[in-house]
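Novice: okay, predicted coordinates and the sequence, questions at the end:
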Amino acid sequence: MEENLALKGTAVQSTTYYHWGAANAIDGIRYAPGEASYCSITLNQLNQWWRLNLLEYYYIYKVTITNRADCYSERMTGVEIRIGNSLENNGNNNPRCAVVTSHVPLGGTVSFNCNGMGGRYVNMYLPNIQTFLTLCEVEVYGTAYRKKVFLRMKLASSVDTTAVNNTFLNQLRSALGLSSVSDVKLSWSRLPYREATHKQKKPTRACADKR
């Protein structure tokens, strides 16, 4: 089963209409009875946005959005989905995955393929439109970015490889900003042993004997 990465993140939005905060759109509840229950809503202003921080870099393959179920279904039309690492213009200048061009019915859910776009931030943006931005649920599906690091070491045969393991795991964790040593998979390989051989050169005479 696919994991909804949005449930791990945090959310903010440009403005907030009464108590309909940004976090309502990542609470795992697509629909509940009532007036925009468990939805996020901004004020009725120009260029409203909502931003999800996934806290880590991911390759994102699918974004799913659910519309409110009680009224005003047209407010989601024109929303741009933007994905990336930049917070320039509140993250709204990141590359665009898709645009909600068609009408999403009340309580309707639509999904967009983002083809593995990389980033930490997922924005819902309404450029050049003055309206309330309403989102009842935003779901994000993808895979984590894994960085491979290769190290080559020359160890004496008497070295305790377990101790070296622990030392380098701690150093890698610190250097890469990892939360635990379990995030690093460390493996060892031993090069074939070659015995050094030396060829002795025959001495050369500086000059020929004179007779």
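Specialist: Perfect, thanks for sending it. Numbers count the residues shown, from 1 in each chain.
Novice: who's in contact with N47?
Specialist: The contact partners of N47, taken as C-beta atoms under 8 Å, 6 or more residues apart in numbering, are S14, N92, Y125, L126, P127, N128, I129. Where C-beta positions appear, they are placed from N, C-alpha and C, glycine not excepted.
Novice: 7 Å - rerun?
Specialist: L126, P127, N128 (C-beta atoms under 7 Å, 6 or more residues apart in numbering).
Novice: how near is the second one to R51?
Specialist: Distance of P127 to R51, given as C-beta to C-beta, to the nearest Å: 14 Å.
Novice: do C71 as well
Specialist: With C-beta to C-beta as the criterion, C71 and R51 are 25 Å apart.
Novice: tell me the bridge partners for the residue nearest to N24 when sequence neighbours are not counted.
Specialist: What sits nearest to N24 in space, not counting adjacent residues and going by C-beta to C-beta, 6 or more residues apart in numbering, is S40, at 4.6 Å. Under DSSP bridges, the beta-bridge partners of S40 are L135.
Novice: again, but for I83
Specialist: Residues in beta-bridge contact with I83 (DSSP bridges): V122.
Novice: what pLDDT does it get?
Specialist: Per-residue confidence at I83 stands at 98 (pLDDT).
Novice: same check, this time on V181
Specialist: 47.
Novice: going along the chain, name the strands of this protein.
Specialist: 10-13, 40-41, 45-46, 49-66, 80-84, 96-99, 109-125, 130-131, 134-135, 137-144 (DSSP state E).
Novice: I'd like those as CSV, with mean neighbour count and distance to G21 appended.
Specialist: Formatted as CSV, these follow (neighbours: other C-beta atoms under 10 Å; distance: least, C-beta to C-beta, whole Å):
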stretch, mean neighbour count, distance to G21
strand 10-13, 19, 8
strand 40-41, 27, 6
strand 45-46, 12, 16
strand 49-66, 20, 10
strand 80-84, 22, 20
strand 96-99, 17, 24
strand 109-125, 19, 14
strand 130-131, 14, 18
strand 134-135, 26, 11
strand 137-144, 19, 13
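Novice: out of those, which gets nearest to E3?
Specialist: Minimum separation from E3 across the strands of the chain (C-beta to C-beta) falls at strand 137-144, 7.2 Å.
Novice: the bottom helix or strand of this protein by mean pLDDT?
Specialist: Within the chain, no helix or strand scores below helix 161-176, which has a mean of 63 by mean pLDDT, DSSP states H and E.
Novice: which regions of the protein sit below the pLDDT cut-off?
Specialist: 1, 146-211 (pLDDT under 70).
Novice: how is the protein partitioned into domains?
Specialist: Listed domain ranges for the chain are 5-144, 147-189 (source: automatic domain parsing).
Novice: any idea how far apart the tips of the first one sit?
Specialist: The reference is to domain 5-144. Terminal residues of domain 5-144 lie 10 Å apart, using C-alpha to C-alpha, to the nearest Å.
Novice: these two touch, right, the residue nearest to N24 and W20?
Specialist: Yes - applying C-beta atoms under 7 Å, one finds S40 in contact with W20, separated by 5.6 Å.
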